[in-house]
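> Here is my input; please provide its structure:
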Amino acid sequence: MSTLSDATAGSSYQTVRYEVDGGVATVTLNRPEALNGIINTMMRELYEVLQRADADASVRVLLLTGAGKGFCPGADLKHYTTPGAVHEELRPEYFHLTTLLHDMRPVSIAAINGACAGAGFGWACACDLRVAAASANFSTAFLNVAVAGDMGGPWTLPRIVGPAKARELYFLPEKFGAEEALRIGLVSRVFDDATFRAEARAVADRLAAAAPLALQGMKAHFVAAEQVGFAEFIDLETADHERISASEDCMEAFRAFVEKRPAQFKGR
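As a prediction, the model looks like this:
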């Protein structure tokens, strides 16, 4: 039976909601009145929530999405240009929430509803997988507001769509839709708006039901492959393969396959 975390209502956060259910941590950007535009408080809270999810052994998958009609259009420019507005301190480490999305132990999925631009675009690119609602729209947007950008897009995006296309999307920041995002490989699935949240959750549930050691090992392999040479990666992968192949879960998966039944994984 799945359990719901003590953060179900997101009462401890102002700008995000956090809940854990069935091995899936759902992080919802929660400023729908501003299409989930980013303010400094959101940066801090998202950084804290991602650390919390990464440290929770029960979390196998993290699903990042937005409340209401938007995913995240980047910075809330109205907020930052309002005279007399009070801004929480923005610490440099908060920008590493993008590093967390990329490197964290759970598999991260961006479930993109509505506008995804600027820093929100960077957050989506840092995730392992991206799925979109049919009405989602995308733009890097940075050059339109006279900034070079943040949130690691020039590192992540070329690895997703290729270096030439990534440069085009940054230097010529036009808006494009979900079908174009699917065509260029930015997202892996596009779902009807009416079923989007259920379909995105089904993808997360499918991953959360996989063998935990294998899933975490596979995620770690992709992260390591970006950091080491090929020969060193083969040594790392082989050692992990030997360890995971000797696990109870692997033997259970073999027996379940032969017996034509669902496997029952224990994470050991």
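
> going forward, measure contacts and count neighbours with C-alpha atoms only.
Fine.

> Can you show me the strands along the stretch 101-250 of the chain?
Counting by DSSP state E, counting those that start in this stretch, the stretch 101-250 of the chain has strands at residues 107-112, 115-117, 129-133, 137-139, 176-177, 189-191.

> Go through the ones you listed and pick out the most buried.
Sort these by mean neighbour count, taking mean count of other C-alpha atoms under 10 Å, and strand 107-112 sits at the top with a mean of 28.

> between the strands of the stretch 101-250 of the chain, which gets nearest to residue 81?
Across the strands of the stretch 101-250 of the chain, residue 81 has its closest neighbour in strand 115-117 (18.6 Å, C-alpha to C-alpha).

> Tell me how far the closest one lies from the chain's centre.
Centre-to-centre, strand 115-117 and its host chain are 14 Å apart (C-alpha atoms, centre = their mean, to the nearest Å).

> Stretch 120-128 too?
With C-alpha atoms, centre = their mean as the basis, stretch 120-128 stands 6 Å off its chain's centre.

> Using the record's assignment, carve the protein into domains.
16-208, 212-259 (automatic domain parsing).

> hang on, the earlier thing: could I get the strands of the stretch 101-250 of the chain as JSON lines with distance to residue 70 and mean pLDDT?
Output for the strands of the stretch 101-250 of the chain, formatted as JSON lines (distance: least, C-alpha to C-alpha, whole Å; pLDDT from 0 to 100):
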{"stretch": "strand 107-112", "distance to residue 70": "8", "mean pLDDT": "98"}
{"stretch": "strand 115-117", "distance to residue 70": "5", "mean pLDDT": "97"}
{"stretch": "strand 129-133", "distance to residue 70": "10", "mean pLDDT": "98"}
{"stretch": "strand 137-139", "distance to residue 70": "9", "mean pLDDT": "98"}
{"stretch": "strand 176-177", "distance to residue 70": "13", "mean pLDDT": "98"}
{"stretch": "strand 189-191", "distance to residue 70": "15", "mean pLDDT": "98"}
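
> To residue 227, which of these lies closest?
Across the strands of the stretch 101-250 of the chain, residue 227 has its closest neighbour in strand 107-112 (18.0 Å, C-alpha to C-alpha).

> Tell me how far the nearest residue to residue 148 once chain neighbours are set aside lies from residue 92.
Sequence neighbours aside, residue 142 is the residue nearest to residue 148 in space, at 6.1 Å (criterion: C-alpha to C-alpha, 6 or more residues apart in numbering). Using C-alpha to C-alpha, to the nearest Å, residue 142 is found at 19 Å from residue 92.
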